[in-house]
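*Asks:* got a predicted structure here, sequence first:
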Amino acid sequence: MKKTKPISIIKYGLREKKTGKLVGLTSRANSEDCDGVSVTYTLSKYADGGAWLVDEPEHAEYVRQNSTEWYNAGVDTPENDFEPNELEVVRVKQEVKLVKVKIPTVSQYFKLRYLRKNLLYYNPAHYEACSKDLLKRGVKYSLYELRELQREMMESWLAKKSRKQRKKLTLHYR
């Protein structure tokens, strides 16, 4: 694999002074809209859409000082229920870097799930009975199932460690 140089991207956002956290963007359907299809965007410390970031600091400063009415609020100029003195414009540097990631194939997943001793679903008979049929039908596993398997494998691995090692390792993962 060819090694690529990381790319840095500069964005600007708003940070709540009191908490030091970036504010994000939430969205909600407009109940006042007769079609029920329009959406209002609002700055929020409880964002469901990640941090609100823009390309220019002046854009962030404008939104810090001005709130857009709900019927015109969008991603670029959301409603802003904060007082201007509660927020500050910040520069955010994002690094884009290639990451090697491996997840099991469906076949590997079934083997890990049902053929590894010390795991919750260890059941070789179930593997033999179901896996071939499921693989033929193109069944996939979900992200939730993958995370559960990873959690079980980590717990099984930690159980083999001494109490002192477990404490040190689990503090690292919190």
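*Replies:* That came in fine, so what should we check first?

*Asks:* which residue packs closest to Asp55, ignoring adjacent ones?
*Replies:* Excluding the flanking residues, the one nearest Asp55 by CB to CB, 6 or more residues apart in numbering is Lys11, at 6.7 Å. In short, each C-beta sits where N, CA and C put it, glycine included.

*Asks:* how about Tyr121?
*Replies:* With sequence-adjacent residues excluded and distances taken as CB to CB, 6+ apart, Tyr121 is closest to Arg113, at 5.4 Å.

*Asks:* how close does that neighbour get to Glu155?
*Replies:* Noted for Arg113: a distance of 14 Å to Glu155, by CB to CB, to the nearest Å.

*Asks:* with Gln65 instead?
*Replies:* 50 Å.

*Asks:* ok, back up a step: give the contact list for the residue nearest to Tyr121.
*Replies:* By CB atoms under 8 Å, 6 or more residues apart in numbering, Arg113 lies in contact with Leu119, Tyr121, Tyr127, Glu145, Leu149.

*Asks:* doesn't it lie inside a helix?
*Replies:* Yes. Counting by DSSP: H, G, I helix; E, B strand; the rest coil, Arg113 falls inside a helix.

*Asks:* could you pull out the helices for the protein?
*Replies:* 57-65, 106-115, 124-136, 143-159, 163-172 (DSSP state H).

*Asks:* Leu25 - how many residues pack around it?
*Replies:* Neighbour count for Leu25, taken as other CB atoms under 10 Å: 19.

*Asks:* dihedrals phi and psi, Val99?
*Replies:* Note on Val99: backbone dihedrals following degrees, to the nearest 10 are phi -120, psi 130.

*Asks:* helix or strand with the lowest mean pLDDT in the protein?
*Replies:* helix 163-172 (a mean of 60; mean pLDDT, DSSP states H and E).

*Asks:* mind listing residues that contact stretch 17-26?
*Replies:* Contacts for stretch 17-26 (CB under 8 Å, 6+ apart): 13-16, 41-52, 75, 78, 82, 85-88, 90, 92.

*Asks:* which residues touch Ile103?
*Replies:* Applying CB under 8 Å, 6+ apart to Ile103 gives the contacts Leu146.

*Asks:* hang on, the earlier thing: I'd like the helices of the chain written out as CSV, with distance to Gly20 added.
*Replies:* Conversion of those to CSV gives the following (distance: least, CB to CB, whole Å):
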stretch, distance to Gly20
helix 57-65, 16
helix 106-115, 40
helix 124-136, 48
helix 143-159, 29
helix 163-172, 23
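
*Asks:* select, out of the ones you listed, the one closest to Leu98.
*Replies:* Nearest to Leu98, of all those, is helix 143-159, at 21.5 Å by CB to CB.
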